[in-house]
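S.K.: sharing a sequence plus its predicted fold:
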Amino acid sequence: MLASYYTVKLEGQDEIVIQKSRFIGYVRRVETEEDAQRFIQEIKKKHHDATHNCSAYMIGENDQIQKANDDGEPSGTAGVPILEVLKKQGLKDTAVVVTRYFGGIKLGAGGLIRAYGSTTSQAIKTTGIVKRQLMQGYSIVVDYTSLGKVENELRNSKFILETINYLDTVEFIVYVQKGEEQEFLDWMVDLSSGQAEIEATDTKYMEIEVSSTSEDKE
């Protein structure tokens, strides 16, 4: 499993008009090629009267599935520019469909490439990007005399305090970024003077919203 990766929020769209042509960009997070194809067909059905429904998707931990479709536009002027935006922004498990309603003015190859790329970028920006970070969960059990101190320190730390369970003792469910487990454990032992009961729980991805530009993600 990857320690972290970028993908889009679940779904979104945006639209721009260029030389009287409408370009509507649809974005969806997908986990399989079947999901991506289903999404593409869904948009094609919705916009069956459109001039073109061009698409691209990139799926897999190592981007092993990459497809682009020009849907009748000149070869390389639609699907590939959409895919290139996904590559440039480093987005995994993402599918995009750009629907075009022709406005009567031809854009030329360069104009089409810019139009499909710009629509894709705008639709992704509107949808939003998240960083999926692999986290290790921990159950931290302390007595009530330590509640205030431990809770305050956790809330002001870089670690994620997800839940507090108030039972005979107090249980904190905390998530720690992979690679920082030992740092967290040492800190927690010191914070609780060795009194906390610490147990590893599950491992899961947690999502952090980030900017839609690749420069801001670095």
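M.R.: Perfect, I can see it now. Numbering: from 1, shown residues only.
S.K.: what mean pLDDT does stretch 167-174 get?
M.R.: Averaging pLDDT along stretch 167-174 yields 97.
S.K.: what's the answer for stretch 47-55, then?
M.R.: 98.
S.K.: can you pull out the helices in this protein?
M.R.: 33-46, 79-89, 108-127, 147-155, 181-191, 214-217 (DSSP state H).
S.K.: mind putting these into JSON lines with mean neighbour count?
M.R.: From N, CA and C alone the C-beta is placed, and that goes for glycine too. Compiled in JSON lines, these are given as follows (neighbours: other Cβ atoms under 10 Å):
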{"stretch": "helix 33-46", "mean neighbour count": "16"}
{"stretch": "helix 79-89", "mean neighbour count": "20"}
{"stretch": "helix 108-127", "mean neighbour count": "20"}
{"stretch": "helix 147-155", "mean neighbour count": "14"}
{"stretch": "helix 181-191", "mean neighbour count": "15"}
{"stretch": "helix 214-217", "mean neighbour count": "11"}
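S.K.: right, so of those helices, which gets closest to residue 65?
M.R.: Nearest to residue 65 among those is helix 33-46; the distance by Cβ to Cβ comes to 5.5 Å.
S.K.: by contact count, what packs against the closest one?
M.R.: On a contact count with 3 or more Cβ pairs under 8 Å, 6 or more residues apart in numbering; DSSP states H and E, helix 33-46 meets strand 21-29, strand 52-59, strand 65-69, strand 94-101.
S.K.: who's in contact with the residue nearest to residue 126 when sequence neighbours are not counted?
M.R.: For residue 126, ignoring the flanking residues on the chain, the nearest one in space by Cβ to Cβ, 6 or more residues apart in numbering is residue 14 at 4.0 Å. With contacts defined as Cβ atoms under 8 Å, 6 or more residues apart in numbering, the neighbours of residue 14 are 24, 25, 119, 122, 123, 125, 126, 127.
S.K.: make CSV out of those and add pLDDT and distance to residue 202.
M.R.: Listed next are those as CSV, based on pLDDT from 0 to 100; distance: Cβ to Cβ, whole Å:
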residue, pLDDT, distance to residue 202
24, 98, 40
25, 98, 36
119, 98, 39
122, 97, 37
123, 98, 34
125, 96, 33
126, 96, 33
127, 96, 28
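S.K.: one step back: what's across from the residue nearest to residue 126 in the sheet?
M.R.: Residue 14 has these beta-bridge partners by DSSP bridges: residue 25.
S.K.: confidence score at it?
M.R.: 98.
S.K.: on that earlier part again, need the helices of the chain in JSON lines (columns: distance to residue 8).
M.R.: Converted to JSON lines, these look like this (distance: least, Cβ to Cβ, whole Å):
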{"stretch": "helix 33-46", "distance to residue 8": "12"}
{"stretch": "helix 79-89", "distance to residue 8": "9"}
{"stretch": "helix 108-127", "distance to residue 8": "5"}
{"stretch": "helix 147-155", "distance to residue 8": "29"}
{"stretch": "helix 181-191", "distance to residue 8": "29"}
{"stretch": "helix 214-217", "distance to residue 8": "13"}
